[in-house]
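**Student:** Structure for the following, please:
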Amino acid sequence: MIDYLPLGSIVLLKNGVQKVLVISRAINVRNGENEFFFDYGGVAYPEGLIGDQMVYFNADKINKVVFKGYSDIDDENMVDTINDYLVAHPDIVRGDPENWVVEE
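**Tutor:** The predicted model follows:
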């Protein structure tokens with residue numbers, strides 16, 4: 001089980017220097033013919049979304065939580081739903097940005 005950060009959280013990733021604002025959780029992303037799961041989607045902070053540039057990352061890549069976003073019962077229910085999904089789909093393929101293939 002992952003204790004997902006709330007939306008609006010700001011993190012520093014391992015080997016990163018730019019803060020990242022969490023704007024999405026539990027994302028399935030297509031890369032060519034393959035689909036991968038990422039725990040989070042984020043944007044550069046303080047710039048925000050520029051064009052379609054999103055950062056996809058998994059919980060194990062977070063080095064530091066700079067700010068934890070707002071959480072209430074709705075957020076807690078969403079985290080439970082995400083974790084239930086992951087338990088029900090143990091064969092899910094997690095994405096790894098370090099091995100991501102950029103299509104031209």
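**Student:** Low-confidence stretches in this structure?
**Tutor:** 97-104 (pLDDT under 70).
**Student:** can you rerun that using 90?
**Tutor:** 1, 15-16, 29-35, 51-53, 93, 96-104 (pLDDT under 90).
**Student:** N83 is in what secondary structure piece?
**Tutor:** helix 73-88 (DSSP states H and E).
**Student:** residues of that helix that come out buried?
**Tutor:** Buried positions in helix 73-88, judged by neighbour count with 16 or more other C-beta atoms under 10 Å: 75, 78-79, 82, 86. All C-beta spots, glycine's among them, are computed from the backbone N, C-alpha and C.
**Student:** just stretch 55-75 next, same as before
**Tutor:** For stretch 55-75, using 16+ other C-beta under 10 Å, the buried residues are 55-58, 61-62, 71, 75.
**Student:** related to what we said a few turns ago, could I have the helix holding N83 exported to PDB, CA atoms only?
**Tutor:** These are the backbone C-alpha positions of helix 73-88, laid out as PDB (Å, rounded to 0.1, in the frame of the first residue of the first chain):
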ATOM      1  CA  ILE A  73     -12.300  12.200   3.600                       C
ATOM      2  CA  ASP A  74     -12.700  12.400  -0.200                       C
ATOM      3  CA  ASP A  75      -9.000  12.300  -0.600                       C
ATOM      4  CA  GLU A  76      -8.700   9.400   1.800                       C
ATOM      5  CA  ASN A  77     -11.400   7.500  -0.100                       C
ATOM      6  CA  MET A  78      -9.500   8.100  -3.400                       C
ATOM      7  CA  VAL A  79      -6.300   6.800  -1.900                       C
ATOM      8  CA  ASP A  80      -8.100   3.600  -0.700                       C
ATOM      9  CA  THR A  81      -9.600   3.200  -4.200                       C
ATOM     10  CA  ILE A  82      -6.200   3.500  -5.900                       C
ATOM     11  CA  ASN A  83      -4.600   1.000  -3.500                       C
ATOM     12  CA  ASP A  84      -7.600  -1.400  -4.000                       C
ATOM     13  CA  TYR A  85      -7.000  -1.200  -7.700                       C
ATOM     14  CA  LEU A  86      -3.300  -2.000  -7.300                       C
ATOM     15  CA  VAL A  87      -4.100  -5.000  -5.100                       C
ATOM     16  CA  ALA A  88      -6.600  -6.300  -7.700                       C
END
